[in-house]
Structure formats: C-alpha cells, structure tokens
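> Can you look at this prediction? I've put the sequence above it.
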Amino acid sequence: YQLPLGVLAISIATVVFPLLSRYAARNDRQGLREASNRALRLGAFCGIPAAAALILLARPITALIFQHGQFTAFDTDRAVLILRMYCLGMWAYFWNHVLLRAFFAQKDARTPLIIACALAGLNVLLVVGGVFTPLRGGAIGLATAVTQSANALLLVWTLRKRWGRLGLRRILASVVRTLAASACMCAAILGAQRLVLWQMAPDGDATKMSFAVVVAVTVPVGAGVFLLVARLLRCSELTELLGRRKA
C-alpha cells in the first residue's frame with residue numbers, strides 16, 4: 001500500500017509545494033485555493049483506484065510475494081485483511097501529503113502536529129479495542145485508515161476557515177467520476193481474475209504460477225479500463241497527469 005504513495009502521492013505533493021509556497025509568500029489566497037483544489041483532485045483520482053485495485057488483488061499479490069517457507073496460506077489470509085483495511089484510507093493518505101504542504105507553505109507546522117497528536121490517541125484506542133475482535137491484526141490497518149481520514153477532513157476544514165471556499169463541489173464531482181471509473185475497473189479486474197483462475201485452477205487450488213498470471217493480466221486490464229472510462233467521462237485530472245494541459 002506504500003507503493004502508490006511513494007510513486008504518486010509524494011510526486012503530487014512535491015510538485016505542488018513550491019507553487020503553494022509562492023502563493024503563500026504573496027498572500028494569494030485564490031492561488032492557494034486553486035492549487036490545493038487541483039492537487040486534492042489529482043490525489044483522489046490516483047488514490048481511489050489504487051485502493052480499489054489493491055483490495056481486489058490483495059490475495060494474489062500477497063501470496064505471490066510472501067507465501068513461501070514458513071509464511072503459510074493462513075498467514076496470507078491475515079496479511080490480506082490488514083492490507084485491505086489500510087487501503088480503506090488510501091484517499092486520505094494522498095490528501096494528507098498535499099494538505100501538510102499547504103500548511104508548511106504558510107510556515108505553520110504546529111496546527112497539523114496538534115491534530116495528528118490528538119488523533120494518535122484515537123488510533124491507540126481503536127487498535128486496542130479492535131485486536132480483540134474478529135478483525136485482530138486488521139484493526140491496525142482500520143485504525144490507521146479511520147484516523148488518517150479524520151486527519152484529512154480536519155485539515156481541509158481548517159484551511160477552509162483560513163482561505164474561504166476550497167471548491168469542494170468541484171472536488172466532489174471529480175470524486176464521483178473517479179468512483180465511476182473505478183467501478184468499471186473493478187468489474188474488469190474481477191472478470192479477468194475469474195477467467196484466469198477458471199483456466200489455471202478449475203478445482204480452486206490456486207498455485208504460485210496462477211497468482212502470477214492473475215497479477216500480470218489483471219493489473220494492465222484494470223488500468224486500461226480505468227483510463228478509458230476516465231477519458232470517456234472527460235476527467236480533467238487525466239489530462240493534467242499526462243501533461244497535456246496548457247499553462
């Protein structure tokens with residue numbers, strides 16, 4: 001789950017940071033709002049499908065990478081649950097990287113630190129309470145997803161109080177389009193996965209090779225369907241990511 005964060009979330013946050021800093025230095029709130037809006041839309045556009053795909057492919061990916069030696073199928077089941085719980089907060093992980101840069105651009109590291117420290121206590125309570133339920137280790141991932149989601153929403157609320165409206169309707173419309181494209185992607189992944197397993201493991205006893213083929217087939221199929229539907233829905237984020245938007 002760290003892979004899309006390292007490749008995509010950090011990239012978006014790194015690119016937007018100097019832009020936010022320039023706007024903050026000029027006290028240009030309109031520029032700050034527009035840059036943050038764009039970065040948050042890009043974060044949701046990348047984070048939502050990444051989370052959906054990882055949730056669906058958690059088992060073949062985990063089994064392919066880890067299931068050998070003393071790491072058994074039982075361990076895979078436990079790890080799959082934890083991964084899926086972490087992925088529920090993927091959108092928030094993307095947003096938090098951007099939102100932190102927005103505060104840093106204003107030379108304010110105190111506010112996000114206070115919010116994070118307050119939520120750290122909630123995280124501990126959720127973990128302690130959840131590990132004794134059927135979730136067990138999955139409570140760690142779920143607690144992180146919940147607290148990071150709350151962190152993102154609190155940071156957005158704080159910025160809105162400082163800068164005025166951040167264009168949340170525009171962000172929501174973008175999220176709806178992204179969810180629609182992600183739903184089509186999920187259908188394609190499930191169909192391709194079922195087809196591969198039907199061909200390679202008709203008895204339901206999947207092997208390492210079948211997991212490898214599932215990952216090799218479903219990842220490009222899912223990505224292709226998502227990009228195609230995003231283009232049909234005229235998602236502006238796709239054009240921006242491809243660098244085709246004129247200055």
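Thanks, I have it. Numbering: from 1, shown residues only.
> buried set for the helix or strand bottoming out on mean pLDDT in the chain?
Taking mean pLDDT, DSSP states H and E as the measure, the helix or strand of the chain with the lowest value is helix 236-241, at a mean of 86. The neighbour-count check on helix 236-241 (16 or more other Cβ atoms under 10 Å) flags 236-238, 241 as buried. In this view, the C-beta of every residue, glycine as well, is placed from N, C-alpha and C.
> Using CSV, please lay out those residues together with distance to Met200.
CSV is the format used below for the buried residues of helix 236-241 (distance: Cβ to Cβ, whole Å):
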residue, distance to Met200
Ser236, 40
Glu237, 36
Leu238, 33
Leu241, 34
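> can you pull the pLDDT of Gly164?
Note on Gly164: pLDDT of 86.
> neighbours of it, just the number please.
Gly164 has 12 neighbours, counted by other Cβ atoms under 10 Å.
> Tell me if I'm right that it and Arg29 touch.
Yes. Between Gly164 and Arg29 there is a contact under Cβ atoms under 8 Å: 6.6 Å.
> So Ala180 is in contact with Arg234, correct?
No. The criterion here is Cβ under 8 Å, and Ala180 misses it with Arg234 at 11.7 Å.
> higher neighbour count, these two?
Counted by other Cβ under 10 Å, Ala180 and Arg234 do not tie: Ala180 has more neighbours, with 15 against 9.
> Quick check: mean pLDDT of the helix or strand Arg84 falls within?
Assigned by DSSP states H and E, Arg84 belongs to helix 73-87. For helix 73-87, mean pLDDT rounds to 94.
> how far is whatever helix or strand comes next after that helix from where the chain is centred?
With elements assigned by DSSP H and E, the helix or strand that comes after helix 73-87 is helix 90-105. Between the centre of helix 90-105 and the centre of its chain there are 12 Å (Cα atoms, centre = their mean, to the nearest Å).
> now helix 90-105 and helix 73-87, what's the angle there?
For helix 90-105 against helix 73-87, the angle by axes from the mean of the first three to the mean of the last three Cα atoms, to 10 degrees is 50 degrees.
> can you list contacts of the next helix or strand after helix 90-105?
Proceeding N to C from helix 90-105, the next assigned helix or strand is helix 110-130, under DSSP H and E. Helix 110-130 has contacts (Cβ atoms under 8 Å, 6 or more residues apart in numbering) with 99-100, 103, 138-140, 142-144, 146-147, 150-151, 154-155, 158.
> mind showing which ranges of this structure have poor pLDDT?
204, 243-247 (pLDDT under 70).
> Which parts of it are helices?
2-4, 10-25, 29-56, 58-66, 73-87, 90-105, 110-130, 138-163, 168-200, 208-232, 236-241 (DSSP state H).
> From the centre of the protein, point out the most distant residue.
In the chain, the residue that sits farthest from the middle, by Cα atoms, centre = their mean, is Asp203; the gap is 34.1 Å.
> Identify the residues contacting that one.
Contacts of Asp203 (Cβ under 8 Å, 6+ apart): none.
> how near is it to Tyr23?
Using Cβ to Cβ, to the nearest Å, Asp203 is found at 60 Å from Tyr23.
> give me every residue that touches the nearest residue to Ala52 once chain neighbours are set aside.
The shortest distance from Ala52 to any non-neighbouring residue, by Cβ to Cβ, 6 or more residues apart in numbering, is to Ser182 (4.7 Å). The contact partners of Ser182, taken as Cβ under 8 Å, 6+ apart, are 48-49, 52, 226.
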